[in-house]
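Student: Can you look at this prediction? I've put the sequence above it.
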Amino acid sequence: MAMSETGPDAYERSNLEQGFEYVRPIRPRRFPVEAEVPESLRHLEVRTALYQLLCFFLRGQALVGSDQFVYYDASNPKACLAPDVYLKLGSEHTDVTSWKTWELGTPDLAIEIASRSDAPEEPWEKKLVRYHRLGVRELVRFDPRVTESLRIWDYVEGDLAERRLTPSSPVRSRVLGVWWVVVPHDRWGPMLRIARDALGQDLIKNELETETEAHREAEAREREAETRVRELEAELRRLRGGEPR
């Protein structure tokens, strides 16, 4: 059953259909599901790659979204954020046009990707205040333009506190249980990835990378088998006297 048939909106419509009366006229709140916001090609590639990676890694374990509005105040349609990537562990919903925390809960993780070519961003400190109000457990900000490209905030005892990171220190995700790493990309430069180890040597791959690697391994096994067959055929001919020792 679609969410719109089971959420608060359906409940309110049911009340009206049953003839319930209210002490004042209903003032509906409209929560937009999209906005026209310019996005650079590089930002799109970095965002999409991370979204696809997390979707594949968390398949069946979480709902992963990208660039939808996340509303956190049912009385105020302006109280919202649009994370580049976000996720909610354990969620079974599959079709979300906008995320309302009073219906779906608070996302566990949100990721913001900074880019010079995108629309001018509001001051980060103001956005940080809204993430605090949202109550997200882990907030990641990735800026490929600067040396210290990764910053992380955790929701701790009611506070959204920034972690103290050093260039050499491993960065573990408290939500995902794996490690944040920044790796180079031939075309797009630094990319945010996740890995099973702190040094990033065991990168977690997306679906395409996994399929490509499996295909390469299958081709390698096939070449190895063909080589072995040729060696056995040569040995058989030698034993039959077809070839000298």
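Tutor: Now that the structure is in, tell me what you want to look at.
Student: Can you tell me the closest non-neighbouring residue to the residue nearest the centre of the chain?
Tutor: Using CA atoms, centre = their mean, the residue of the chain that lies closest to the mean C-alpha position is residue 51, 3.8 Å off. Sequence neighbours aside, residue 66 is the residue nearest to residue 51 in space, at 4.2 Å (criterion: CB to CB, 6 or more residues apart in numbering). Bear in mind the C-beta positions are built from the backbone N, C-alpha and C, glycine included.
Student: Quick check: that neighbour touching residue 47?
Tutor: Yes - between residue 66 and residue 47 a contact is recorded at 6.2 Å, counting by CB atoms under 8 Å.
Student: Mind listing the shared neighbours of these two?
Tutor: With CB atoms under 8 Å, 6 or more residues apart in numbering applied, the overlap between the contact sets of residue 66 and residue 47 consists of 84-85.
Student: of the two, who's got more company?
Tutor: residue 47 (22 against 18; other CB atoms under 10 Å).
Student: If you count contacts, what does the helix or strand where that one lies end up packed against?
Tutor: Using DSSP states H and E, residue 47 falls within helix 41-57. For helix 41-57, the packing partners by 3 or more CB pairs under 8 Å, 6 or more residues apart in numbering; DSSP states H and E come out as strand 62-65, strand 85-89, strand 109-113, strand 189-195, helix 207-239.
Student: and residue 156, which of those is closest to it?
Tutor: strand 109-113 (14.9 Å; CB to CB).
Student: could you say what helices and strands that closest one packs with?
Tutor: Other helices and strands packing on strand 109-113, by 3+ CB pairs under 8 Å, 6+ apart, are helix 41-57, strand 85-89, helix 124-134, strand 138-142.
Student: which one of those lies closest to residue 105?
Tutor: Comparing the helices and strands packed on strand 109-113 by CB to CB, strand 85-89 comes nearest, at 6.2 Å.
Student: How far off centre is that closest one?
Tutor: Computed by CA atoms, centre = their mean, to the nearest Å, the separation of strand 85-89 from the middle of its chain amounts to 6 Å.
Student: And stretch 230-240, by the same measure?
Tutor: Chain-centre distance of stretch 230-240: 55 Å, with CA atoms, centre = their mean.
Student: can you check stretch 39-55 too?
Tutor: 9 Å.
Student: Which of the residues in that stretch are classified as buried?
Tutor: For stretch 39-55, the neighbour count (16 or more other CB atoms under 10 Å) marks 42-44, 46-47, 49-55 as buried.
Student: if we take the residues you listed, which one ends up nearest to residue 137?
Tutor: Of all the buried residues of stretch 39-55, residue 137 sits closest to residue 54, with 15.0 Å by CB to CB.
Student: got a list of what the closest one touches?
Tutor: Shown in contact with residue 54 (CB under 8 Å, 6+ apart): 62, 64, 85, 87, 194.
Student: Where does pLDDT dip in this structure?
Tutor: Scanning the chain for pLDDT under 70 picks out the ranges 1-18, 32, 34-38, 93, 116-122, 208-222, 225, 242-245.
Student: Outline the domain layout of it.
Tutor: Listed by automatic domain parsing, the domain ranges of the chain are 32-204, 205-245.
Student: Tabulate the helices and strands packed on strand 109-113 in a markdown table, adding columns for distance to residue 227.
Tutor: Formatted as a markdown table, the helices and strands packed on strand 109-113 follow (distance: least, CB to CB, whole Å):
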| stretch | distance to residue 227 |
| --- | --- |
| helix 41-57 | 33 |
| strand 85-89 | 44 |
| helix 124-134 | 57 |
| strand 138-142 | 45 |
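Student: got the end-to-end distance for stretch 58-67?
Tutor: 18 Å (CA to CA, to the nearest Å).
Student: Thought residue 82 was touching residue 130, still the case?
Tutor: No - between residue 130 and residue 82 there is no contact, the gap being 10.6 Å when judged by CB under 8 Å.
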